[in-house]
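Asks: build me a model from this:
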Amino acid sequence: MGVTNVTLRLKSPSDPTKTVSGEFLVDSGAHYTVLPAAMAKTLGLKPSYSQKFSLADGRIMERKISAATIRLDNRELPAPVVIGEKSDSALLGVTTLEAFGMMIDPFTRQIYKSKLMLA
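Replies: A predicted model of the protein is given here:
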């Protein structure tokens, strides 16, 4: 299976002058976007609550949840983010991807605009 990465720019919701950019792995198995600890620190993100997550190998991890303003393909939205720990990788989760009206083709690993319905 191939890998898809995207460049995201993130801003602090409380101080939009604080920004970071980086490469994020598109992970359709992850619900939330994960920010490495250094990025979250640069943005000055404050956790709202903690959430437990199941990993593919069955382990349970707990991480803090915050929010950031995310820019993808000339679109910008506030989104929930996981504040990663030191060894956590940068991931773009499916909740964020869908909020932007985007999908990933599981065969070609290309990101494309999805057809949205209001019904």
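
Asks: beta partners for Lys52?
Replies: As for beta bridges, Lys52 partners with Glu62 under DSSP bridges.

Asks: low-confidence ranges in the protein?
Replies: Residues of the chain meeting the criterion pLDDT under 70: 1-2.

Asks: show me where it has strands.
Replies: Using DSSP state E, the strands of the chain run over residues 5-11, 19-27, 33-35, 49-54, 60-72, 75-83, 91-93, 102-104, 111-113.

Asks: bridged to the most centrally placed residue in the chain, which residues?
Replies: Geometric centre of the chain, nearest residue: Thr33, 1.9 Å, by Cα atoms, centre = their mean. For Thr33, the beta-bridge partners are Val81 (DSSP bridges).

Asks: my read: it touches Ala79, true?
Replies: Yes: using Cβ atoms under 8 Å, Thr33 is in contact with Ala79, at 6.3 Å. For every residue, glycine as well, the C-beta is placed using N, CA and C.

Asks: what sits in contact with each of the two?
Replies: Common neighbours of Thr33 and Ala79 are listed as 70, 95-96 (criterion: Cβ atoms under 8 Å, 6 or more residues apart in numbering).

Asks: quick one: residues contacting the residue nearest to the centre of the chain.
Replies: Counting by Cβ under 8 Å, 6+ apart, Thr33 touches 8, 24, 70, 79-82, 91-93, 95-96.

Asks: mind putting those in JSON lines, neighbour count included?
Replies: Below are these laid out as JSON lines (neighbours: other Cβ atoms under 10 Å):
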{"residue": "Leu8", "neighbour count": "21"}
{"residue": "Phe24", "neighbour count": "25"}
{"residue": "Ile70", "neighbour count": "22"}
{"residue": "Ala79", "neighbour count": "21"}
{"residue": "Pro80", "neighbour count": "17"}
{"residue": "Val81", "neighbour count": "27"}
{"residue": "Val82", "neighbour count": "23"}
{"residue": "Leu91", "neighbour count": "21"}
{"residue": "Leu92", "neighbour count": "28"}
{"residue": "Gly93", "neighbour count": "22"}
{"residue": "Thr95", "neighbour count": "14"}
{"residue": "Thr96", "neighbour count": "24"}
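
Asks: perfect, that will be all.
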